[in-house]
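Asker: Based on what follows, work out the 3D shape:
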Amino acid sequence: MSLTRRNLLKGIAASGAVAATTAATGGITSSQAANPTVSPHDNIEKKPNLLIIFPDEMRAQAQGFMGQDATMTPNIDKFAKQSVVFRQAVANYPLCTPFRGMLMTGQYPYRSGLQGNSHAGMPGAFGGGDFGIELKKSAITWSDLLKKQGYSMGYIGKWHMDVPEAPYIPGYNNPMENRYWNDWTPPEKRHGFDFWYSYGTYDLHMAPIYWTNDTPRDKPITINQWSPEHEADIAIKYLRNENGKYRDNNKPFTLVVSMNPPHSPYDQVPQKYLDRFKGKNSETLNTRPNVKWDKEYQEGYGPKYFKEYMAMVNGVDEQFGRIIDELERLKLSEDTLVVFFSDHGCCMGSNGHPTKNVHYEESMRVPMIFRWPGKIAPRQDDILFSAPDIYPTILGLLGMDYLIPDTVEGTNFAKTVLIGKGDKRPTSQLYIFMPYGGQSYGRRGVRTDRYTLVVDRKVGKPLNYVLHDNKNDPYQMKNIAEENMALVNQLIKAELLPWLEHTGDPWRPTEVPVSAMKSYT
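Answerer: Prediction:
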């Protein structure tokens, strides 16, 4: 497992983090490292800005430079050449709310409390709200910390970390699948974001709704424009900040742009992006050998929508490019750390799964790109980076590792981003699925640089094991657990159990197979 910062707590925060942030901040003195009340930016004119852009449901394989999907992402590809790319980053619990909880708190889902999607159930059906699944006001988020450091804080787009409350706001997602999904976020639950242009969960991408700072809860704004395009428009206005309308020009800024596409429904995409795939169809584009075309999928899902998915990815890429181009036009690039990622991937029929919330590569692996011209040298890295690592790594890169609270379970990999070495590299990543109200059941597993192991624990049933050799079977089409129980045993003991201890997870594989130990490295 090889956890670093949280295993050693603050022991290396005062020493190793100094070296990590020197390149980013111009140097931290020993007195600053020893005294967390002294900011490493006290002697610098202005703290760096932070821009986070993350679409929903965009898998790592959909980035053109990865050479996998038949995708068109020229702006992301250009951006990647200017950045540090973590090619093996994952969403440890590949579902919207759990990822967003890991992002905001730096904690894995058991401790963060975001153990499934935030929604409210209708009579006769339960929702995440019945189990307290939402971002707590008491959570110590990185946005809270940056607000206290004097940042102007902006959030645009999908939030999806609050449980809707009655009377419910009527709309496309209220109700859907016997649950209510969408609501506003009251100001006291916005965790430091002072510019608000957001919604909970709303999937009419061609006619999105938003709540702004001044929008009453019962009167959201409806926009007749594709949501990523509109959100890019608002982001550009925020960056320009004409007449100081959007933020305080005398303060550094943080801006989060959370785009919903390429999330379903996949037909909610402008025709111009479909036209760029003219003469092609989903069958000719979706060529992964593990795609199951003959399976019956729920209406609106499955591999036959892959062309629409690719069109949405192309549209997100275009809007991402507009924001980055504006940042450069305003000459803000060298003062701004930009981070691009997604909350999880999408199977699109791979191994018979329509979307996410499974252990397969198409679901777990996500983009993870850091750019800061003049501070971060471009390269690619296969470090086993996890979602809770985003929080401490961003603070480390901003020179604020001294602010990382002990509640954070992720690891600060700022040194890896900055110089490619210096951090103890993880030997695995945790995989999680929790049934609502049943945290001691469900699936847990690990992903190493070669294997993916998943153990499924259900009430009254024997454990079920899935093991994939991702080197010899990159599309994970064969379960080799039964003939490799010694390896399963090794992975459980050396990797999975330490993760469960680290994250406070009560789930345990009570029927660990008894077999001779052998090395798997």
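
Asker: Distance-wise, check the closest residue to residue 161 other than its chain neighbours relative to residue 163.
Answerer: Nearest residue to residue 161, sequence neighbours excluded (CB to CB, 6 or more residues apart in numbering): residue 135, at 3.9 Å. The C-beta positions use only the backbone N, C-alpha and C, and glycine is treated the same way. Taking CB to CB, to the nearest Å as the measure, residue 135 falls 10 Å from residue 163.

Asker: before we move on, back to that, what residues does the residue nearest to residue 161 make contact with?
Answerer: By CB atoms under 8 Å, 6 or more residues apart in numbering, the residues touching residue 135 are 100-101, 104-105, 112, 114, 118, 141, 161-162, 189, 191.

Asker: where's the spatially most central residue of the chain relative to residue 206, distance?
Answerer: The centroid of the chain falls nearest to residue 343 when counting by CA atoms, centre = their mean (3.2 Å). Per CB to CB, residue 343 is found 21 Å from residue 206.

Asker: same deal with residue 72?
Answerer: According to CB to CB, residue 72 and residue 206 sit 20 Å apart.

Asker: of these two, who's got more company?
Answerer: residue 72 (20 against 14; other CB atoms under 10 Å).

Asker: tell me the pLDDT at the more buried one?
Answerer: Listed pLDDT for residue 72 reads 98.

Asker: Excluding covalently adjacent residues, which one is nearest to it?
Answerer: In space, residue 72 is closest to residue 314, 4.7 Å off (CB to CB, 6+ apart).

Asker: And the next helix or strand past the lowest-mean-pLDDT helix or strand in the chain?
Answerer: Least confident helix or strand, the chain: helix 30-34 with a mean of 33, by mean pLDDT, DSSP states H and E. Downstream of helix 30-34, the first helix or strand assigned by DSSP states H and E is strand 49-55.

Asker: Can you name every helix or strand that that next one contacts?
Answerer: Secondary-structure packing of strand 49-55 (3 or more CB pairs under 8 Å, 6 or more residues apart in numbering; DSSP states H and E): strand 253-259, helix 306-329, strand 336-341.

Asker: so which of the ones you listed is the most packed in?
Answerer: strand 253-259 (a mean of 25; mean count of other CB atoms under 10 Å).

Asker: Given it, what are its sheet partners and their directions?
Answerer: Here strand 253-259 is paired, per DSSP bridges, with strand 49-55 (parallel), strand 152-158 (parallel).

Asker: Look up how far residue 290 lies from residue 475.
Answerer: Distance, residue 475 to residue 290, using CB to CB: 4 Å.

Asker: rewinding a little: tabulate the strands paired with strand 253-259 in a markdown table, adding columns for mean neighbour count, distance to residue 363 and mean pLDDT.
Answerer: Listed next are the strands paired with strand 253-259 as a markdown table, based on neighbours: other CB atoms under 10 Å; distance: least, CB to CB, whole Å; pLDDT from 0 to 100:
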| stretch | mean neighbour count | distance to residue 363 | mean pLDDT |
| --- | --- | --- | --- |
| strand 49-55 | 25 | 15 | 98 |
| strand 152-158 | 24 | 19 | 98 |
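
Asker: For residue 297, which of the helices and strands packed on strand 49-55 is the nearest?
Answerer: Minimum separation from residue 297 across these (CB to CB) falls at helix 306-329, 11.9 Å.

Asker: Please state the offset of stretch 494-512 from the chain centre?
Answerer: 23 Å (CA atoms, centre = their mean, to the nearest Å).

Asker: my bad, stretch 96-105
Answerer: 7 Å.

Asker: Just the residues contacting that stretch, thanks.
Answerer: 56, 91-93, 107-109, 111-118, 128, 133-135, 139-143, 159-161, 191, 201, 343-344, 386-388, 390-391, 407-408, 410, 432.

Asker: Show me the shaky parts of the protein.
Answerer: Low-confidence segments of the chain (pLDDT under 70): 1-45, 511-521.

Asker: Show me which of the contacts of residue 135 is closest to residue 365.
Answerer: Nearest to residue 365 among these, with distances taken as CB to CB, is residue 100, at 17.6 Å.

Asker: burial count for the closest one?
Answerer: 24.

Asker: Kindly report the same for residue 305.
Answerer: Other residues close to residue 305 by other CB under 10 Å number 23.

Asker: ditto for residue 436
Answerer: Using other CB under 10 Å, residue 436 has 16 other residues around it.

Asker: Quick check: phi and psi at residue 196.
Answerer: Backbone geometry at residue 196, expressed as degrees, to the nearest 10, gives phi -120, psi 120.

Asker: Go ahead and confirm it touches residue 185.
Answerer: Yes - judged on CB atoms under 8 Å, residue 196 makes contact with residue 185 at a distance of 7.5 Å.

Asker: Need the residues touching each of the two.
Answerer: residue 211.

Asker: Residue 473: which element?
Answerer: Using DSSP H and E, no helix or strand contains residue 473.

Asker: what about it, distance to residue 384?
Answerer: Distance of residue 473 to residue 384, given as CB to CB: 19 Å.

Asker: do residue 160 as well
Answerer: Distance, residue 160 to residue 384, by CB to CB: 26 Å.

Asker: Helices of the stretch 251-400 of the chain, start to end?
Answerer: Residue ranges of the helices in the stretch 251-400 of the chain, as given by DSSP state H, counting those that start in this stretch, are 271-275, 282-285, 306-329, 361-364, 390-397.

Asker: same question but for the stretch 401-521 of the chain, I mixed them up
Answerer: Under DSSP H, counting those that start in this stretch, the stretch 401-521 of the chain gives helices at 414-419, 485-491, 497-503.

Asker: follow-up on the earlier one: could the strands paired with strand 253-259 go into JSON lines alongside distance to residue 337?
Answerer: Below are the strands paired with strand 253-259 laid out as JSON lines (distance: least, CB to CB, whole Å):
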{"stretch": "strand 49-55", "distance to residue 337": "5"}
{"stretch": "strand 152-158", "distance to residue 337": "15"}
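
Asker: And those strands: which comes nearest residue 309?
Answerer: Of those, nearest to residue 309 by CB to CB is strand 49-55, at 11.5 Å.

Asker: which residues do residue 475 and residue 290 both contact?
Answerer: Contact criterion CB under 8 Å, 6+ apart; residues shared by residue 475 and residue 290: 350-351.

Asker: Might you report the residue contacts of residue 416?
Answerer: 381, 383, 422-423, 425.

Asker: Sort out which of the residues you listed are in strands and list them.
Answerer: Those of the contacts of residue 416 mapping onto strands are residue 381, per DSSP state E.

Asker: For the contacts of residue 416, pick the one with the most neighbours.
Answerer: Going by other CB under 10 Å, residue 423 tops these with 24 neighbours.

Asker: wait, that one sits on residue 401?
Answerer: No - using CB under 8 Å, residue 423 makes no contact with residue 401, being 11.9 Å away.

Asker: that older thread, between the strands paired with strand 253-259, which gets nearest to residue 376?
Answerer: strand 49-55 (13.3 Å).

Asker: what about that closest one, distance to the chain center?
Answerer: 11 Å.

Asker: Got the domain ranges for the protein?
Answerer: For the chain, automatic domain parsing gives the domain ranges 5-419, 440-503.
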